[in-house]
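> Need coordinates for the below:
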Amino acid sequence: QGQVVESGGGLAQPGDSLTLSCAASGRPADKYAMAWFRQTPGKERECVARIWSGGSTHYAEFAEGRFFISRGNGQNTAQLQMNRLKPEDTAVYYCAVGFKGTTSPSDYNYWGAGTQVAVSS
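Now for the predicted structure:
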């Protein structure tokens, strides 16, 4: 079974930057896509950014130009650098690992427990 652990969330002020980290273990993630999702109470989990094993990336419109996803050299880690944070970025952020790499949460096999990001002045 694979295990996914996120870290790096916390409290930030509008305009600040935060970097989230994700580590996948138990099953090599190098052939899989890794993605960051986020969710707020009462809303569906939405895809923030995706990165495939070859390095291609895709961002949600709200993340384009502000957030950047990357993978570690061993491919089992991923980071999400979030810049120019806004209050509406407040959410629980989840790292996910899946073969298809779509925007649908159901296509991801392994999930972390999530890390809270709160943006407030």
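
> For stretch 53-63, which residues meet the burial criterion?
Within stretch 53-63, the residues that qualify as buried by neighbour count (16 or more other Cβ atoms under 10 Å) are 58-60, 63. The C-beta positions use only the backbone N, C-alpha and C, and glycine is treated the same way.

> oh, I was asking about stretch 81-92
Within stretch 81-92, the residues scored as buried using 16+ other Cβ under 10 Å are 81-82, 85, 89-92.

> Other residues contacting that stretch?
With Cβ atoms under 8 Å, 6 or more residues apart in numbering as the test, stretch 81-92 has contacts from 12-20, 38-40, 62, 66-70, 114-121.

> Let's see which of the residues you listed end up in strands.
When DSSP state E defines the strands, the subset of those inside them is 12, 18-20, 38-39, 67-70, 115-119.

> Got a quick PyMOL command for the buried subset of these?
Taking 16+ other Cβ under 10 Å as the burial criterion, the selection of buried members of the ones in strands among the contacts of stretch 81-92 in PyMOL is written as:
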select buried, resi 12+18+20+38+67+68+69+115+117+119
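
> what bits of this protein have low per-residue confidence?
Segments of the chain classed as low confidence (criterion: pLDDT under 70) are 1, 27-30.

> So for it, the centremost residue is which one?
What sits nearest the mean C-alpha location of the chain, by Cα atoms, centre = their mean, is residue 36, with 2.0 Å.

> just checking, it touches residue 80?
Yes - Residue 36 lies in contact with residue 80 (Cβ atoms under 8 Å); the separation is 4.6 Å.

> and for these two, which residues touch both?
With Cβ under 8 Å, 6+ apart, residue 36 and residue 80 have common neighbours 20, 22, 48-49, 69, 93.
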